[in-house]
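**Student:** Build me a model:
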Amino acid sequence: MTESGRCPVIHFDHNSQDHSADPVGSYRKLRNAEKRGWSEAHGGYWVLSDYEAVFDASRDDDTFSSARNEYGGEGLAVVIPKTPMHFHIPIELDPPEFRKYRKIVNPITSPAAVEKMKDLVEHHTTAFIDSVIEAGECDFTSVIGVPAIVTVDWLGLGIEDWKTYAAAHHEALAGVPGSPHYEHAMKVDFPYLSEKMRSVISDRRVNPADDVISYLVQQEVDGRVLDDFEVFAMVELLVAGGTGTTASLVSQTLVWLADHTDVRQRLIDDPSLMDHAVEEFLRYFSPTQALARTVTEDVEFKGCPMQKGDRVLLSWASANRDEALFENPDEIDIDRWPNRHTAFGIGMHRCSGSHLGRLMAKTLLTQILERMPDYTIERDKLERYPHQGTNMGWQRIPAHFTPGKRILADGEALAASTAPATPMY
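**Tutor:** Below is the predicted model of the structure:
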């Protein structure tokens, strides 16, 4: 660490292999030192690692903008470095424009709306487990494709493409730029998916159905109906949010529970513990590690002299391990309550899909523990996401368990017919 006019200059890069090898330790080292500082990686950016700074910055939209802008290059504004993804509404908007679009999203992601999705989530979860239950072994990354297919089905997109949606968005945030998989996602998968999405949006204007896209094409902003660009930008965000984060959370939780059979048994014996347990898993694993903002004016924030256009990384994951707020933060306590974690973000831009994410995580974990209670994992064959700066998780989880019986009839197992034979990522 060296001193400069930019506050402490820290040797930190959340996209580096050193960080990916131990994100928890990397952030702990930062919290125990300066908490906030300037990294010279990726053209330079501020890093906020403590709960107080992350909390205050995320609630100050006037100073810390989420809007897409020219600073830091082209691409998605809420990650560092920016990734070449389509414009996302409303996450890449600031007030007052943000509120107009969030008002449209809220009714379809509210607790009441998510309650009506329980049967859909239960069905796909059952079907995915059915697809492997008789074999007595699987890669759990195939089973936890449930959030992807639920999201695609809910939106009204073709579920036959769920693996492509999941893989492309995974590569955008957790893949290695320049690698063959990443290049394929950017140059082949995203153009293909974008064309399909635009086609569905156009069709729903003429032939509405009972799905989210049909709802969106009928909504208005400023007294006019949303245009295709706006609907596409909203659908893209919902796909991105729904296909990766919950799978990331569940993948990490399953591996942890394999090593902590006492906690696993408690959840099996008393499923009512799952609600608080999911909150603790969200805090501990923080599937979305951090998101970015852009400084709108010269300001001194928590001792850091920030300038207009500076990029700032808000680490939800680090805030969730801050000893100043959480007792024994590096331990999982499924009885921890209240649990003021930041896993879904804080402030106006807090994740609108939090209720659906909770439902999908709870359903997946509950069914796996009910139907595969004795599962074990081949730890020497586990594979992590190659990049863990934005999303953490496992991309290969070989598991074994006592074989069981299928529940759905062949004709009902829609998800099973499309489940991958090999890991999704």
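
**Student:** buried sites along the biggest helix by length in the chain?
**Tutor:** Criterion DSSP state H: the longest helix present in the chain is helix 228-259. Residues 230-255, 257-258 are the ones in helix 228-259 that count as buried (16 or more other C-beta atoms under 10 Å). Just so you know, the C-beta spots here come from the backbone N, C-alpha and C atoms, and that holds for glycine as well.

**Student:** same question, stretch 27-36
**Tutor:** Applying 16+ other C-beta under 10 Å to stretch 27-36 flags 27-28, 30-31, 34-36 as buried.

**Student:** And stretch 259-275, end to end?
**Tutor:** One end of stretch 259-275 sits 21 Å from the other (C-alpha to C-alpha, to the nearest Å).

**Student:** now it: how far from the chain's centre is it?
**Tutor:** 24 Å (C-alpha atoms, centre = their mean, to the nearest Å).

**Student:** what about residue 87, neighbour count?
**Tutor:** 18 (other C-beta atoms under 10 Å).

**Student:** any idea how far the residue lying closest to residue 89 once chain neighbours are set aside lies from residue 105?
**Tutor:** Spatial nearest neighbour of residue 89, excluding adjacent residues (C-beta to C-beta, 6 or more residues apart in numbering): residue 233 at 4.0 Å. Distance of residue 233 to residue 105, computed by C-beta to C-beta, to the nearest Å: 12 Å.

**Student:** And for residue 291?
**Tutor:** Taken as C-beta to C-beta, the span from residue 291 to residue 105 is 17 Å.

**Student:** between the two, which one's more packed in?
**Tutor:** residue 291 (22 against 19).

**Student:** In three-state terms, how would the more buried one be classified?
**Tutor:** Under the three-state scheme (DSSP: H, G, I helix; E, B strand; the rest coil), residue 291 adopts strand.

**Student:** That one contacts residue 79, correct?
**Tutor:** Yes: applying C-beta atoms under 8 Å, one finds residue 291 in contact with residue 79, separated by 6.8 Å.

**Student:** so what sits against both of the two?
**Tutor:** residue 390 (C-beta atoms under 8 Å, 6 or more residues apart in numbering).

**Student:** contacting residues for the spatially most central residue of the chain?
**Tutor:** For the chain, the residue nearest the mean C-alpha position is residue 245 (2.5 Å; C-alpha atoms, centre = their mean). When contacts are counted by C-beta under 8 Å, 6+ apart, residue 245 is found next to 147, 287-288, 357, 391.

**Student:** ok, 7 Å please
**Tutor:** 287-288, 357, 391 (C-beta atoms under 7 Å, 6 or more residues apart in numbering).
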